[in-house]
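Engineer: here are the coordinates; sequence isn't available:
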């Protein structure tokens, strides 16, 4: 049927966007998807207008302006090496923290898969405390980085809705249908942004993966996997279609209409009025970040900045673009609502994309940049020389990876 073909098309589109690195698709779909990390690896693997990576160019400029090339002697290299050894304690502390995060992240992934498959009716007990913990940690870190206005983005609202449904209104079929559409629509599609990566040693990346995939897994478990004796605990169909007797009676129009009118539409209006109109001057004055500032400065979405000289009109155009593409992803979820296997394929592709994105980090950036990141996080000076390279990584092969 046409809707099955449409659902398969959506799955294929996700794969295409991930493989070709079409991040603009994700930026349009989910306002909370592109967030700067301590080490945004995508910028390392893409050349700038000058032929090198943006990070490499900045580093070279700084290094050249602060050091004379003729001073990069072998004695200085030896001195830097000795200083590096003396500061090894701080680096080791950072490494230890990363090892802990890595271990906990792997355990979390294994337990998530186990509970999802064995006791799906208790999956919300696993999801809920992690949602609170991850979002609280995200607020703490973003507050220190002056990026806390990103917490008004749609992904955090959707995660809040998971808690509201599971613990306050599990009897509400309307709330579950809204949650299903939002979790498998704009929220899941945000994984296409490269920051949504299964980088197990990185708490920020693992937080993003959870925020954008756990609601999808939760709604899948409730929609398809609940044992008969637990189906009465969660309502997904209306009184006209008795609980679990025939959820297919819910029409495509109803799923879309409820999601937009009762939840997503309100978020769009409130976000625009609060963040852009009311808080706009304060955000600009204090140098805070919103996703709009990033999206209009890169890729095909730069055209939004040229629509009008009026800042609010630019932002209204951005919200409209976001709204239209979100509707497209929501329409795809109506297929997942009706087809178990297409929904399975979609979930597998989204999880696979997060793993694919992580592989790009580990094989493109990790070996060349991890040591430098450790020094930065430990509060130590850069180990790069006057030419912007790290002594241990200055081989032509290593340099080529930054091009």
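Structural biologist: Looks like it came in fine. Since the structure is predicted, the reported quantities are computational estimates derived from the model, not experimental observations.
Engineer: pretty sure residue 321 sits against residue 296.
Structural biologist: No: applying C-beta atoms under 8 Å as the test, residue 321 and residue 296 come out as separate, 10.6 Å apart. (C-beta placed from N, C-alpha, C; glycine too.)
Engineer: tell me which of those two has more neighbours.
Structural biologist: Comparing residue 321 with residue 296 by other C-beta atoms under 10 Å, the one with more neighbours is residue 296, at 20 against 17.
Engineer: hmm, that one is touching residue 302, no?
Structural biologist: Yes: look at residue 296 against residue 302 with C-beta under 8 Å: they come within range, at 5.9 Å.
Engineer: still on that earlier bit, find residues that contact each of residue 321 and residue 296.
Structural biologist: residue 304 (C-beta atoms under 8 Å, 6 or more residues apart in numbering).
Engineer: so residue 332 makes contact with residue 181?
Structural biologist: No: Residue 332 lies out of contact with residue 181 (C-beta under 8 Å); the separation is 9.5 Å.
Engineer: neighbour-wise, which of the two wins?
Structural biologist: residue 181 (29 against 24).
Engineer: now that one: phi and psi?
Structural biologist: phi -60, psi -40 (degrees, to the nearest 10).
Engineer: same check on residue 234?
Structural biologist: According to degrees, to the nearest 10, residue 234 has phi -130, psi 130.
Engineer: from residue 262, how far off is residue 282?
Structural biologist: 30 Å (C-beta to C-beta, to the nearest Å).
Engineer: between these two, who's got more neighbours?
Structural biologist: Using other C-beta under 10 Å, the more surrounded residue of residue 282 and residue 262 is residue 262, with 13 against 10.
Engineer: centroid-nearest residue for this structure?
Structural biologist: Note on the chain: the residue nearest the mean C-alpha position is residue 196, at 3.8 Å, using C-alpha atoms, centre = their mean.
Engineer: please name the residues that touch the residue nearest to residue 90 when sequence neighbours are not counted.
Structural biologist: Using C-beta to C-beta, 6 or more residues apart in numbering and skipping the chain neighbours, the partner closest in space to residue 90 is residue 378 (3.8 Å). Going by C-beta under 8 Å, 6+ apart, residue 378 touches 87, 90, 91, 93, 94.
Engineer: would you agree residue 289 is in contact with residue 151?
Structural biologist: No: contact criterion C-beta under 8 Å: residue 289 and residue 151 do not qualify, at 11.5 Å.
Engineer: which of the residues in stretch 265-278 are buried?
Structural biologist: 267, 268, 271, 272, 275, 276 (16 or more other C-beta atoms under 10 Å).
Engineer: farthest-separated two in the residues you listed?
Structural biologist: 267 and 276 (13.2 Å; C-beta to C-beta).
Engineer: quick check: which element contains residue 235?
Structural biologist: Using DSSP states H and E, residue 235 sits in no helix or strand.
Engineer: can you give me the pLDDT of it?
Structural biologist: With respect to pLDDT, residue 235 scores 89.
Engineer: what's the neighbour count on it?
Structural biologist: So residue 235, with other C-beta under 10 Å, has 22 neighbours.
Engineer: how about residue 223?
Structural biologist: If we define neighbours as other C-beta under 10 Å, then residue 223 has 21 of them.
Engineer: I'd guessed it sits against residue 339; true?
Structural biologist: No: the pair residue 223 / residue 339 is not scored as a contact, 11.0 Å apart, by C-beta under 8 Å.
Engineer: any weak-confidence spans in the stretch 201-350 of the chain?
Structural biologist: 239-245, 298-301 (pLDDT under 70).
Engineer: again but with the stretch 51-200 of the chain, I slipped
Structural biologist: For the stretch 51-200 of the chain (pLDDT under 70), the answer is 51-88, 193-195.
Engineer: which residues in it form helices?
Structural biologist: Assigned by DSSP state H, counting those that start in this stretch, the helices in the stretch 51-200 of the chain fall at 54-66, 74-86, 88-118, 123-144, 154-167, 173-182, 188-189.
Engineer: pull out the buried residues from the third one.
Structural biologist: Put plainly, it is helix 88-118. 91, 94, 95, 98, 101, 102, 105, 108, 112, 115, 116.
Engineer: show me what contacts the fourth one?
Structural biologist: If a contact means C-beta under 8 Å, 6+ apart, then residue 98 has 201, 202 as its contacts.
Engineer: could you rerun that using 10 Å?
Structural biologist: Residue 98 is in contact with 200, 201, 202, 203, 370, 373, 374, 377, counting by C-beta atoms under 10 Å, 6 or more residues apart in numbering.
Engineer: re the thing from before, any idea how far residue 92 is from the residue nearest to residue 90?
Structural biologist: 9 Å.
Engineer: for residue 389, give me the pLDDT.
Structural biologist: 52.
Engineer: that older thread, which neighbours do residue 289 and residue 151 share?
Structural biologist: residue 142.
Engineer: distance between the ends of stretch 329-348?
Structural biologist: 17 Å (C-alpha to C-alpha, to the nearest Å).
Engineer: ok, now stretch 142-154?
Structural biologist: 16 Å.
Engineer: phi and psi next, for the spatially closest residue to residue 146 that is not a sequence neighbour.
Structural biologist: Nearest non-adjacent residue to residue 146, counting by C-beta to C-beta, 6+ apart: residue 288, 5.1 Å away. With angles defined as degrees, to the nearest 10, residue 288 sits at phi -70, psi 160.
Engineer: residues contacting residue 288?
Structural biologist: Contacts of residue 288 by C-beta under 10 Å, 6+ apart are 142, 145, 146, 147, 148, 149, 150, 275, 279, 282.
Engineer: swap in 7 Å and give it another go.
Structural biologist: 146, 147, 149 (C-beta atoms under 7 Å, 6 or more residues apart in numbering).
Engineer: from those residues, keep the buried residues only.
Structural biologist: Here, 16+ other C-beta under 10 Å leaves 147, 149 buried among the contacts of residue 288.
Engineer: just give me the closest of the contacts of residue 288 to residue 247.
Structural biologist: Nearest to residue 247 among the contacts of residue 288 is residue 149, at 37.6 Å by C-beta to C-beta.
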